[in-house]
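Colleague: can you look at this prediction? I've put the sequence above it.
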Amino acid sequence: LRCMLGRRSVPCLPRVPVLGSLLHLRSSLPPHLLLTQLSHRYGPLFGLYSGPHFTLVVSEIGLVREVLLQRGREFAGRPKMVTTDVLTQGGKDIAFADYSPLWKSHRRLVHNSFTLFGEGSGKLHTIVQEAADDLCEELQSCRGQSSDLSPVLMRAVTNVICRLVFSSSYQRNDPELLTVMDYNDGIVQTIARGGLIDIFPWLRIFPNKDLKKLKQCVSVRDQLLHRKLLEHKMTLKPGEPRDLLDALLIGQMKGSGGEDDITEDHVLMTAAEAFGAGVETTSTTLLWTIAFLLHHPQVQERVHSELDECVGQARAPSLSDRSHLPLLDAVLCEVMRIRPVSPVLIPHVAMQDTSLGGHSVPKGTRVLVNMWAIHHDPKHWDEPEQFSPERFLDSSGRRVTPSSFLPFGAGPRVCVGESLARIELFLFASRLLQRFHFSVPPRASLPELQGRFGVVLQPQSYSVTVTPRH
Ligand code: HEM
(Lines give C-alpha, C1' and ligand atoms only; values in the text may rest on other atoms or scores of the structure.)
Protein backbone atom coordinates (compact mmCIF):
# COMPACT_ATOMS: atom_id res chain seq x y z
CA LEU A 1 0.00 0.00 0.00
CA ARG A 2 1.13 3.58 -0.58
CA CYS A 3 0.01 6.92 0.88
CA MET A 4 0.05 10.06 -1.20
CA LEU A 5 2.21 12.86 0.11
CA GLY A 6 1.60 15.73 -2.29
CA ARG A 7 2.24 14.40 -5.78
CA ARG A 8 4.52 11.58 -4.63
CA SER A 9 3.69 8.60 -2.48
CA VAL A 10 5.45 6.63 0.25
CA PRO A 11 4.97 2.98 1.22
CA CYS A 12 2.36 2.65 3.92
CA LEU A 13 1.13 -0.10 6.25
CA PRO A 14 -2.40 -1.33 5.44
CA ARG A 15 -5.14 0.18 7.56
CA VAL A 16 -8.74 -0.30 8.56
CA PRO A 17 -11.27 2.30 9.77
CA VAL A 18 -10.86 3.50 13.38
CA LEU A 19 -7.94 1.23 14.27
CA GLY A 20 -5.73 2.46 11.45
CA SER A 21 -2.68 0.19 11.08
CA LEU A 22 -2.76 -1.08 14.67
CA LEU A 23 -3.58 -4.65 13.62
CA HIS A 24 -0.30 -4.70 11.67
CA LEU A 25 1.61 -3.39 14.64
CA ARG A 26 0.64 -6.27 16.94
CA SER A 27 3.86 -8.09 17.64
CA SER A 28 5.86 -9.69 20.40
CA LEU A 29 8.76 -7.46 19.33
CA PRO A 30 9.36 -4.19 21.18
CA PRO A 31 8.50 -1.08 19.08
CA HIS A 32 12.05 -0.17 17.98
CA LEU A 33 12.70 -3.70 16.66
CA LEU A 34 9.30 -3.97 15.04
CA LEU A 35 9.75 -0.60 13.29
CA THR A 36 13.26 -1.62 12.19
CA GLN A 37 11.91 -4.88 10.77
CA LEU A 38 9.16 -2.96 8.97
CA SER A 39 11.73 -0.51 7.55
CA HIS A 40 13.53 -3.48 5.93
CA ARG A 41 10.29 -4.28 4.14
CA TYR A 42 8.83 -0.80 3.53
CA GLY A 43 12.00 1.30 3.24
CA PRO A 44 13.64 4.13 5.22
CA LEU A 45 10.55 6.34 5.04
CA PHE A 46 7.14 4.74 5.43
CA GLY A 47 3.74 5.69 6.76
CA LEU A 48 1.33 4.10 9.19
CA TYR A 49 -1.84 5.09 10.97
CA SER A 50 -1.71 5.00 14.73
CA GLY A 51 -5.50 4.95 15.10
CA PRO A 52 -6.49 8.14 13.26
CA HIS A 53 -3.00 9.69 13.37
CA PHE A 54 -0.91 9.61 10.22
CA THR A 55 2.67 8.86 11.25
CA LEU A 56 5.89 8.74 9.24
CA VAL A 57 8.67 6.41 10.40
CA VAL A 58 12.18 7.55 9.54
CA SER A 59 15.10 5.08 9.65
CA GLU A 60 17.91 6.58 7.58
CA ILE A 61 20.45 9.13 8.84
CA GLY A 62 20.04 11.63 5.93
CA LEU A 63 16.27 11.79 6.53
CA VAL A 64 16.77 11.93 10.31
CA ARG A 65 19.07 14.93 9.90
CA GLU A 66 16.43 16.59 7.77
CA VAL A 67 13.76 16.06 10.48
CA LEU A 68 15.91 17.04 13.46
CA LEU A 69 18.30 19.62 11.99
CA GLN A 70 17.63 21.05 8.51
CA ARG A 71 13.86 21.27 9.16
CA GLY A 72 14.21 21.01 12.92
CA ARG A 73 11.85 23.89 13.65
CA GLU A 74 9.21 22.66 11.25
CA PHE A 75 9.21 19.23 12.91
CA ALA A 76 9.53 20.52 16.48
CA GLY A 77 5.91 19.92 17.54
CA ARG A 78 4.80 17.20 19.99
CA PRO A 79 1.59 15.18 19.86
CA LYS A 80 -1.02 15.85 22.50
CA MET A 81 -1.55 12.77 24.65
CA VAL A 82 -3.79 11.97 27.60
CA THR A 83 -1.07 10.53 29.85
CA THR A 84 1.51 13.24 29.22
CA ASP A 85 -1.15 15.91 29.71
CA VAL A 86 -1.81 14.48 33.19
CA LEU A 87 1.93 14.38 33.82
CA THR A 88 2.64 17.95 32.73
CA GLN A 89 -0.54 19.90 33.51
CA GLY A 90 -1.36 20.00 29.82
CA GLY A 91 2.16 20.71 28.51
CA LYS A 92 3.66 23.15 31.03
CA ASP A 93 6.96 21.25 30.77
CA ILE A 94 9.65 21.12 28.08
CA ALA A 95 9.49 17.60 26.63
CA PHE A 96 5.77 17.38 25.81
CA ALA A 97 4.92 21.02 25.16
CA ASP A 98 4.37 22.11 21.59
CA TYR A 99 6.86 24.49 20.01
CA SER A 100 5.82 28.10 20.76
CA PRO A 101 7.45 31.40 21.80
CA LEU A 102 6.66 30.54 25.43
CA TRP A 103 8.19 27.06 25.08
CA LYS A 104 11.30 28.60 23.49
CA SER A 105 11.92 31.02 26.33
CA HIS A 106 11.10 28.32 28.88
CA ARG A 107 13.60 25.93 27.28
CA ARG A 108 16.26 28.66 27.13
CA LEU A 109 15.77 29.37 30.83
CA VAL A 110 16.10 25.68 31.72
CA HIS A 111 19.17 25.34 29.54
CA ASN A 112 20.81 28.40 31.13
CA SER A 113 19.97 27.16 34.61
CA PHE A 114 21.56 23.76 33.89
CA THR A 115 24.64 25.53 32.54
CA LEU A 116 24.80 27.64 35.69
CA PHE A 117 25.32 24.50 37.80
CA GLY A 118 26.90 22.25 35.20
CA GLU A 119 30.30 22.17 33.56
CA GLY A 120 32.55 24.94 34.77
CA SER A 121 30.61 25.82 37.94
CA GLY A 122 31.86 22.91 40.01
CA LYS A 123 28.50 22.55 41.74
CA LEU A 124 27.26 19.55 39.81
CA HIS A 125 30.76 18.12 39.92
CA THR A 126 30.72 18.16 43.73
CA ILE A 127 27.16 16.83 43.92
CA VAL A 128 27.90 13.85 41.65
CA GLN A 129 31.25 13.08 43.25
CA GLU A 130 29.63 12.99 46.68
CA ALA A 131 26.80 10.79 45.42
CA ALA A 132 29.35 8.49 43.76
CA ASP A 133 31.30 8.29 47.04
CA ASP A 134 28.14 7.33 48.95
CA LEU A 135 27.37 4.73 46.32
CA CYS A 136 30.89 3.28 46.63
CA GLU A 137 30.58 3.11 50.43
CA GLU A 138 27.34 1.23 50.05
CA LEU A 139 28.84 -1.22 47.56
CA GLN A 140 31.94 -1.63 49.72
CA SER A 141 29.72 -2.67 52.61
CA CYS A 142 28.22 -5.48 50.48
CA ARG A 143 31.60 -7.25 50.83
CA GLY A 144 31.55 -9.07 47.56
CA GLN A 145 27.97 -10.34 47.85
CA SER A 146 26.11 -10.39 44.57
CA SER A 147 23.15 -8.11 44.04
CA ASP A 148 20.98 -6.30 41.52
CA LEU A 149 22.49 -2.81 41.22
CA SER A 150 19.38 -1.21 39.80
CA PRO A 151 17.93 0.15 43.11
CA VAL A 152 21.25 1.56 44.38
CA LEU A 153 22.06 3.25 41.07
CA MET A 154 18.55 4.64 40.86
CA ARG A 155 18.84 6.02 44.38
CA ALA A 156 22.24 7.59 43.66
CA VAL A 157 20.97 9.34 40.52
CA THR A 158 17.73 10.42 42.25
CA ASN A 159 19.82 11.94 45.00
CA VAL A 160 21.84 13.94 42.46
CA ILE A 161 18.67 15.36 40.92
CA CYS A 162 17.18 16.14 44.38
CA ARG A 163 20.28 18.13 45.31
CA LEU A 164 20.49 19.87 41.97
CA VAL A 165 16.81 20.78 41.85
CA PHE A 166 16.00 21.69 45.46
CA SER A 167 19.23 21.21 47.49
CA SER A 168 17.96 18.28 49.58
CA SER A 169 20.45 15.56 50.19
CA TYR A 170 19.18 12.36 51.71
CA GLN A 171 20.45 9.41 53.70
CA ARG A 172 19.72 5.99 52.29
CA ASN A 173 16.37 5.42 54.04
CA ASP A 174 15.08 8.96 54.32
CA PRO A 175 11.27 8.79 54.01
CA GLU A 176 11.18 11.80 51.68
CA LEU A 177 13.66 10.15 49.30
CA LEU A 178 11.61 6.96 49.40
CA THR A 179 8.50 9.00 48.56
CA VAL A 180 10.26 10.56 45.57
CA MET A 181 11.44 7.17 44.33
CA ASP A 182 8.06 5.61 44.91
CA TYR A 183 6.01 8.15 42.94
CA ASN A 184 8.64 8.22 40.20
CA ASP A 185 8.41 4.48 39.85
CA GLY A 186 4.59 4.63 39.78
CA ILE A 187 4.72 7.26 37.02
CA VAL A 188 7.25 5.31 34.96
CA GLN A 189 5.26 2.06 35.26
CA THR A 190 1.92 3.59 34.32
CA ILE A 191 3.24 5.80 31.51
CA ALA A 192 4.93 2.74 30.03
CA ARG A 193 1.51 1.08 29.83
CA GLY A 194 -0.18 4.26 28.47
CA GLY A 195 -0.73 2.78 25.01
CA LEU A 196 -4.26 2.84 23.74
CA ILE A 197 -5.58 5.77 25.69
CA ASP A 198 -3.00 8.00 24.01
CA ILE A 199 -4.16 6.87 20.60
CA PHE A 200 -7.89 7.05 21.38
CA PRO A 201 -8.37 9.79 24.00
CA TRP A 202 -12.12 9.04 24.23
CA LEU A 203 -11.21 5.81 26.08
CA ARG A 204 -10.70 8.15 29.03
CA ILE A 205 -14.42 7.92 29.81
CA PHE A 206 -14.00 4.28 30.91
CA PRO A 207 -12.53 3.41 34.30
CA ASN A 208 -8.78 3.05 33.86
CA LYS A 209 -6.65 1.76 36.72
CA ASP A 210 -3.38 2.98 35.25
CA LEU A 211 -4.65 6.49 34.65
CA LYS A 212 -5.97 6.60 38.23
CA LYS A 213 -2.61 5.47 39.60
CA LEU A 214 -0.80 8.00 37.41
CA LYS A 215 -3.01 10.80 38.76
CA GLN A 216 -2.33 9.70 42.35
CA CYS A 217 1.45 9.63 41.82
CA VAL A 218 1.40 13.00 40.06
CA SER A 219 -0.58 14.47 42.93
CA VAL A 220 1.95 13.24 45.54
CA ARG A 221 4.77 14.58 43.34
CA ASP A 222 3.13 17.98 42.96
CA GLN A 223 2.43 18.33 46.69
CA LEU A 224 6.07 17.64 47.52
CA LEU A 225 7.42 19.95 44.84
CA HIS A 226 4.94 22.64 45.77
CA ARG A 227 6.18 22.54 49.35
CA LYS A 228 9.78 22.87 48.11
CA LEU A 229 8.73 25.75 45.88
CA LEU A 230 7.14 27.65 48.79
CA GLU A 231 10.20 27.09 51.00
CA HIS A 232 12.42 28.37 48.20
CA LYS A 233 10.30 31.46 47.58
CA MET A 234 10.52 32.41 51.24
CA THR A 235 14.30 32.18 51.38
CA LEU A 236 15.21 33.24 47.85
CA LYS A 237 18.06 35.72 47.31
CA PRO A 238 17.73 36.99 43.73
CA GLY A 239 21.47 37.33 43.08
CA GLU A 240 22.37 33.94 44.54
CA PRO A 241 20.52 30.98 43.07
CA ARG A 242 21.21 27.94 45.24
CA ASP A 243 19.73 25.35 42.92
CA LEU A 244 17.57 24.81 39.85
CA LEU A 245 14.34 25.85 41.60
CA ASP A 246 15.92 29.18 42.60
CA ALA A 247 17.27 29.76 39.10
CA LEU A 248 13.86 29.01 37.54
CA LEU A 249 12.02 31.20 40.07
CA ILE A 250 14.39 34.10 39.40
CA GLY A 251 13.88 33.62 35.65
CA GLN A 252 10.14 33.50 36.13
CA MET A 253 10.07 36.69 38.20
CA LYS A 254 12.07 38.54 35.56
CA GLY A 255 9.23 38.00 33.05
CA SER A 256 7.48 41.05 31.68
CA GLY A 257 4.02 39.86 32.71
CA GLY A 258 3.09 39.07 29.10
CA GLU A 259 1.45 35.91 27.82
CA ASP A 260 4.80 34.45 26.74
CA ASP A 261 6.03 34.35 30.32
CA ILE A 262 6.30 31.11 32.19
CA THR A 263 4.18 30.72 35.33
CA GLU A 264 4.87 29.11 38.67
CA ASP A 265 3.23 25.95 37.33
CA HIS A 266 5.85 25.85 34.56
CA VAL A 267 8.55 26.05 37.23
CA LEU A 268 6.94 23.15 39.07
CA MET A 269 6.60 21.03 35.93
CA THR A 270 10.23 21.68 34.99
CA ALA A 271 11.41 20.52 38.37
CA ALA A 272 9.22 17.42 37.99
CA GLU A 273 10.62 16.73 34.56
CA ALA A 274 14.21 16.77 35.77
CA PHE A 275 13.22 13.59 37.63
CA GLY A 276 11.04 12.11 34.89
CA ALA A 277 13.60 12.64 32.14
CA GLY A 278 16.82 12.52 34.13
CA VAL A 279 16.72 9.58 36.53
CA GLU A 280 15.62 6.49 34.63
CA THR A 281 17.68 7.42 31.53
CA THR A 282 20.95 7.97 33.37
CA SER A 283 20.71 5.05 35.80
CA THR A 284 19.67 2.68 33.00
CA THR A 285 22.66 3.72 30.88
CA LEU A 286 24.91 2.88 33.85
CA LEU A 287 23.19 -0.51 34.20
CA TRP A 288 23.76 -1.23 30.49
CA THR A 289 27.41 -0.22 30.89
CA ILE A 290 27.98 -2.76 33.64
CA ALA A 291 26.01 -5.43 31.74
CA PHE A 292 28.23 -5.00 28.67
CA LEU A 293 31.41 -4.98 30.78
CA LEU A 294 30.33 -8.32 32.29
CA HIS A 295 30.07 -9.66 28.74
CA HIS A 296 33.44 -8.16 27.81
CA PRO A 297 35.78 -8.63 30.81
CA GLN A 298 38.82 -7.77 28.67
CA VAL A 299 37.34 -4.30 28.01
CA GLN A 300 36.77 -3.83 31.74
CA GLU A 301 40.40 -4.78 32.36
CA ARG A 302 41.59 -2.19 29.85
CA VAL A 303 39.40 0.49 31.44
CA HIS A 304 40.88 -0.43 34.85
CA SER A 305 44.41 -0.02 33.47
CA GLU A 306 43.54 3.29 31.85
CA LEU A 307 42.16 4.58 35.16
CA ASP A 308 45.14 3.27 37.14
CA GLU A 309 47.57 4.97 34.79
CA CYS A 310 45.79 8.29 34.48
CA VAL A 311 44.15 8.77 37.89
CA GLY A 312 45.55 6.16 40.27
CA GLN A 313 43.86 5.36 43.58
CA ALA A 314 44.78 8.35 45.68
CA ARG A 315 42.09 10.70 44.40
CA ALA A 316 38.64 10.56 42.78
CA PRO A 317 38.45 10.97 39.00
CA SER A 318 37.30 14.44 37.98
CA LEU A 319 35.91 15.96 34.81
CA SER A 320 39.33 17.25 33.81
CA ASP A 321 40.40 13.59 33.47
CA ARG A 322 37.80 12.93 30.80
CA SER A 323 40.05 13.84 27.87
CA HIS A 324 42.75 11.55 29.28
CA LEU A 325 40.39 8.58 29.56
CA PRO A 326 39.38 8.06 25.93
CA LEU A 327 38.63 4.35 26.36
CA LEU A 328 36.17 4.89 29.20
CA ASP A 329 34.53 7.68 27.22
CA ALA A 330 34.36 5.40 24.16
CA VAL A 331 32.79 2.61 26.26
CA LEU A 332 30.02 4.99 27.39
CA CYS A 333 29.40 6.09 23.80
CA GLU A 334 29.33 2.51 22.53
CA VAL A 335 26.80 1.61 25.24
CA MET A 336 24.56 4.51 24.16
CA ARG A 337 24.94 3.44 20.51
CA ILE A 338 24.17 -0.23 20.95
CA ARG A 339 21.39 0.25 23.54
CA PRO A 340 20.02 3.82 23.23
CA VAL A 341 17.70 4.20 26.22
CA SER A 342 15.34 6.25 24.08
CA PRO A 343 15.42 4.21 20.84
CA VAL A 344 12.61 6.06 19.04
CA LEU A 345 13.13 9.46 20.75
CA ILE A 346 9.90 11.28 21.67
CA PRO A 347 7.44 11.60 18.74
CA HIS A 348 7.82 14.80 16.69
CA VAL A 349 4.98 16.57 14.83
CA ALA A 350 5.06 18.73 11.69
CA MET A 351 3.93 22.17 12.86
CA GLN A 352 3.25 23.41 9.32
CA ASP A 353 3.07 21.97 5.82
CA THR A 354 6.65 21.00 5.02
CA SER A 355 8.62 18.30 3.21
CA LEU A 356 10.83 15.34 3.89
CA GLY A 357 13.06 13.51 1.39
CA GLY A 358 11.33 15.46 -1.38
CA HIS A 359 7.81 14.40 -0.28
CA SER A 360 5.26 16.96 0.88
CA VAL A 361 4.34 16.47 4.52
CA PRO A 362 1.07 17.99 5.77
CA LYS A 363 0.88 19.91 9.04
CA GLY A 364 0.01 17.62 11.97
CA THR A 365 1.88 14.55 10.62
CA ARG A 366 3.58 12.65 13.42
CA VAL A 367 7.18 11.56 12.91
CA LEU A 368 8.91 8.69 14.67
CA VAL A 369 12.69 8.85 14.45
CA ASN A 370 14.01 5.30 14.73
CA MET A 371 17.37 5.97 16.36
CA TRP A 372 17.78 2.25 17.00
CA ALA A 373 17.83 1.65 13.23
CA ILE A 374 20.32 4.51 12.76
CA HIS A 375 22.62 3.12 15.46
CA HIS A 376 22.46 -0.38 13.93
CA ASP A 377 22.60 0.56 10.25
CA PRO A 378 25.17 -1.75 8.60
CA LYS A 379 25.83 0.96 5.96
CA HIS A 380 27.35 3.11 8.71
CA TRP A 381 28.57 0.65 11.32
CA ASP A 382 30.71 -2.48 10.83
CA GLU A 383 29.04 -5.42 12.52
CA PRO A 384 26.54 -3.20 14.33
CA GLU A 385 25.49 -5.97 16.75
CA GLN A 386 29.03 -6.22 18.12
CA PHE A 387 30.00 -4.23 21.22
CA SER A 388 33.15 -2.44 20.13
CA PRO A 389 34.23 0.79 21.86
CA GLU A 390 37.03 1.11 19.26
CA ARG A 391 34.47 2.62 16.88
CA PHE A 392 34.78 5.77 18.94
CA LEU A 393 38.60 5.86 18.85
CA ASP A 394 40.87 6.74 15.93
CA SER A 395 44.04 4.81 15.07
CA SER A 396 46.04 6.76 17.65
CA GLY A 397 43.46 6.13 20.39
CA ARG A 398 41.83 9.57 20.34
CA ARG A 399 38.07 9.92 20.79
CA VAL A 400 36.06 10.47 17.63
CA THR A 401 32.30 10.75 17.11
CA PRO A 402 30.80 9.13 13.98
CA SER A 403 28.05 11.21 12.40
CA SER A 404 25.40 8.46 12.77
CA PHE A 405 25.59 8.64 16.55
CA LEU A 406 22.76 10.71 18.07
CA PRO A 407 21.67 9.15 21.41
CA PHE A 408 20.37 12.52 22.66
CA GLY A 409 18.68 13.51 19.40
CA ALA A 410 19.72 16.78 17.71
CA GLY A 411 18.42 20.23 16.77
CA PRO A 412 15.81 22.34 18.59
CA ARG A 413 14.47 19.31 20.49
CA VAL A 414 17.83 17.82 21.47
CA CYS A 415 17.90 16.52 25.06
CA VAL A 416 18.20 19.57 27.27
CA GLY A 417 19.98 17.49 29.93
CA GLU A 418 22.67 16.14 27.60
CA SER A 419 25.70 17.78 29.20
CA LEU A 420 24.34 17.06 32.67
CA ALA A 421 23.83 13.41 31.74
CA ARG A 422 27.30 13.12 30.23
CA ILE A 423 28.88 14.60 33.38
CA GLU A 424 26.95 12.16 35.57
CA LEU A 425 27.72 9.14 33.40
CA PHE A 426 31.42 9.93 33.33
CA LEU A 427 31.80 10.70 37.04
CA PHE A 428 29.75 7.70 38.23
CA ALA A 429 31.32 5.22 35.80
CA SER A 430 34.89 6.38 36.41
CA ARG A 431 34.52 6.28 40.19
CA LEU A 432 32.82 2.86 40.18
CA LEU A 433 35.44 1.35 37.88
CA GLN A 434 38.32 2.95 39.76
CA ARG A 435 37.19 1.27 42.96
CA PHE A 436 35.51 -1.97 41.91
CA HIS A 437 35.71 -4.98 39.70
CA PHE A 438 32.38 -6.23 38.37
CA SER A 439 31.89 -9.91 37.65
CA VAL A 440 29.17 -12.48 37.05
CA PRO A 441 28.26 -14.20 40.35
CA PRO A 442 29.21 -17.87 40.66
CA ARG A 443 26.65 -20.12 38.97
CA ALA A 444 24.74 -17.12 37.57
CA SER A 445 24.42 -16.51 33.85
CA LEU A 446 25.51 -13.41 31.95
CA PRO A 447 22.94 -10.57 31.80
CA GLU A 448 20.37 -10.81 29.01
CA LEU A 449 21.25 -8.05 26.50
CA GLN A 450 18.03 -7.91 24.49
CA GLY A 451 16.39 -5.34 26.70
CA ARG A 452 12.78 -4.68 27.54
CA PHE A 453 10.91 -1.64 26.45
CA GLY A 454 9.15 0.52 29.03
CA VAL A 455 9.52 4.28 29.22
CA VAL A 456 13.17 3.59 28.46
CA LEU A 457 14.92 0.54 27.02
CA GLN A 458 16.22 -1.35 30.07
CA PRO A 459 18.19 -4.53 30.62
CA GLN A 460 16.39 -7.44 32.27
CA SER A 461 17.37 -7.36 35.93
CA TYR A 462 20.64 -9.15 36.60
CA SER A 463 22.96 -9.86 39.52
CA VAL A 464 26.54 -8.80 39.75
CA THR A 465 29.39 -9.41 42.17
CA VAL A 466 31.15 -6.21 43.13
CA THR A 467 34.70 -6.70 44.43
CA PRO A 468 36.87 -3.85 45.77
CA ARG A 469 40.01 -3.57 43.63
CA HIS A 470 42.51 -2.41 46.19
C1 HEM B 1 14.72 14.76 25.56
C2 HEM B 1 18.04 11.23 25.72
C3 HEM B 1 19.16 12.46 30.30
C4 HEM B 1 15.98 16.10 30.08
C5 HEM B 1 15.49 13.68 25.25
C6 HEM B 1 15.42 12.96 23.99
C7 HEM B 1 16.36 11.99 24.04
C8 HEM B 1 17.03 12.07 25.32
C9 HEM B 1 16.68 10.97 22.95
C10 HEM B 1 14.39 13.22 22.87
C11 HEM B 1 14.90 14.05 21.73
C12 HEM B 1 13.86 14.21 20.66
O13 HEM B 1 12.67 13.97 20.88
O14 HEM B 1 14.22 14.57 19.53
C15 HEM B 1 18.60 11.24 26.99
C16 HEM B 1 19.61 10.30 27.44
C17 HEM B 1 19.93 10.64 28.74
C18 HEM B 1 19.11 11.80 29.09
C19 HEM B 1 20.20 9.18 26.59
C20 HEM B 1 20.91 10.03 29.71
C21 HEM B 1 21.72 9.05 29.45
C22 HEM B 1 18.46 13.59 30.60
C23 HEM B 1 18.61 14.36 31.81
C24 HEM B 1 17.70 15.38 31.76
C25 HEM B 1 16.99 15.25 30.49
C26 HEM B 1 19.63 14.07 32.93
C27 HEM B 1 17.42 16.48 32.75
C28 HEM B 1 17.67 16.48 33.99
C29 HEM B 1 15.36 16.02 28.84
C30 HEM B 1 14.29 16.91 28.43
C31 HEM B 1 13.94 16.53 27.12
C32 HEM B 1 14.79 15.41 26.78
C33 HEM B 1 13.66 18.05 29.25
C34 HEM B 1 12.90 17.17 26.21
C35 HEM B 1 13.53 18.16 25.25
C36 HEM B 1 12.55 18.79 24.30
O37 HEM B 1 11.50 18.20 24.03
O38 HEM B 1 12.80 19.91 23.84
N39 HEM B 1 16.49 13.12 26.03
N40 HEM B 1 18.32 12.11 28.00
N41 HEM B 1 17.48 14.16 29.82
N42 HEM B 1 15.64 15.14 27.82
FE43 HEM B 1 17.05 13.70 27.89
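Modeller: That came in fine, so what should we check first?

Colleague: pick out the residue of the stretch 101-250 of the chain closest to the ligand.
Modeller: Checking the stretch 101-250 of the chain residue by residue against the ligand with C-beta to the nearest ligand atom singles out residue 107 as nearest, at 5.8 Å. Yep, even glycine has a C-beta here, placed from its N, CA and C like the rest.

Colleague: let me know the helix or strand that that residue is in.
Modeller: With secondary structure defined by DSSP states H and E, residue 107 is part of helix 101-117.

Colleague: could you list the buried residues of that helix?
Modeller: Within helix 101-117, the residues scored as buried using 16 or more other C-beta atoms under 10 Å are 102, 103, 106, 107, 109, 110, 111, 113, 114, 116, 117.

Colleague: can you check stretch 238-256 too?
Modeller: Along stretch 238-256, these residues count as buried under the neighbour rule (16+ other C-beta under 10 Å): 241, 243, 244, 245, 246, 247, 248, 249, 250, 251, 252.

Colleague: same question, stretch 161-175
Modeller: Of the residues in stretch 161-175, those scored as buried under the neighbour-count criterion (16+ other C-beta under 10 Å) are 161, 162, 163, 164, 165, 166, 167, 170.

Colleague: same question for that stretch, mean pLDDT?
Modeller: Averaged over stretch 161-175, pLDDT sits at 89.

Colleague: also stretch 263-282?
Modeller: Taken as a whole, stretch 263-282 has an average pLDDT of 92.

Colleague: next one: that stretch to chain centre, how far?
Modeller: Here the centre of stretch 263-282 is set off from its chain's centre by 12 Å, with C-alpha atoms, centre = their mean, to the nearest Å.

Colleague: residue numbers of this structure in contact with the ligand?
Modeller: For the chain, the contact set with the ligand under C-beta under 6 Å from any ligand atom comprises 94-95, 107, 273-274, 277-278, 281-282, 285, 341-342, 345-346, 407-409, 413, 415-417, 420-421.

Colleague: before we move on, the earlier item: distance to residue 317 and secondary structure added to the buried residues of stretch 161-175, as a markdown table?
Modeller: Conversion of the buried residues of stretch 161-175 to a markdown table gives the following (distance: C-beta to C-beta, whole Å; DSSP: H, G, I helix; E, B strand; the rest coil):
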| residue | distance to residue 317 | secondary structure |
| --- | --- | --- |
| 161 | 21 | helix |
| 162 | 23 | helix |
| 163 | 20 | helix |
| 164 | 20 | helix |
| 165 | 25 | helix |
| 166 | 27 | helix |
| 167 | 25 | coil |
| 170 | 24 | coil |
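
Colleague: okay, buried residues for stretch 112-132 please.
Modeller: Counting neighbours by 16+ other C-beta under 10 Å, one finds that the buried residues in stretch 112-132 are 113, 114, 116, 117, 118, 124, 125, 127, 128, 129, 131, 132.

Colleague: now pLDDT too, for these, in a markdown table please.
Modeller: Below are these laid out as a markdown table (pLDDT from 0 to 100):
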| residue | pLDDT |
| --- | --- |
| 113 | 89 |
| 114 | 88 |
| 116 | 84 |
| 117 | 82 |
| 118 | 76 |
| 124 | 90 |
| 125 | 92 |
| 127 | 94 |
| 128 | 95 |
| 129 | 95 |
| 131 | 95 |
| 132 | 96 |
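
Colleague: identify the farthest-apart pair in the residues you listed.
Modeller: In terms of C-beta to C-beta, the buried residues of stretch 112-132 reach their longest pairwise distance at 113 and 132, which sit 22.8 Å apart.

Colleague: can you tell me which residue of the stretch 201-350 of the chain sits closest to the ligand?
Modeller: At 2.9 Å from the ligand, residue 278 is the closest residue in the stretch 201-350 of the chain, using C-beta to the nearest ligand atom.

Colleague: for that residue, give me its contacts.
Modeller: By C-beta atoms under 8 Å, 6 or more residues apart in numbering, residue 278 lies in contact with 157, 161, 417, 420, 421.

Colleague: so how far is the strand or helix carrying it from its chain's centroid?
Modeller: Per DSSP H and E: residue 278 is located in helix 264-295. Computed by C-alpha atoms, centre = their mean, the chain-centroid distance of helix 264-295 equals 6 Å.

Colleague: would you mind identifying the next helix or strand past the lowest-mean-pLDDT helix or strand in the chain?
Modeller: Of all the helices and strands that make up the chain, helix 196-199 has the lowest average by mean pLDDT, DSSP states H and E, namely a mean of 60. Under the assignment DSSP H and E, the closest C-terminal helix or strand after helix 196-199 is helix 209-235.

Colleague: state the mean pLDDT of that following helix.
Modeller: When pLDDT is averaged along helix 209-235, the result is 91.

Colleague: which non-adjacent residue is nearest the residue of the stretch 351-470 of the chain found nearest the ligand?
Modeller: Scanning the stretch 351-470 of the chain for proximity to the ligand using C-beta to the nearest ligand atom identifies residue 417 as nearest, at 2.1 Å. Across the structure, with C-beta to C-beta, 6 or more residues apart in numbering as the measure, the residue nearest residue 417 apart from its sequence neighbours is residue 278 (5.3 Å).

Colleague: same check, this time on residue 359
Modeller: Ranked by C-beta to C-beta, 6+ apart and with sequence neighbours excluded, the top spatial neighbour of residue 359 is residue 5, at 4.0 Å.
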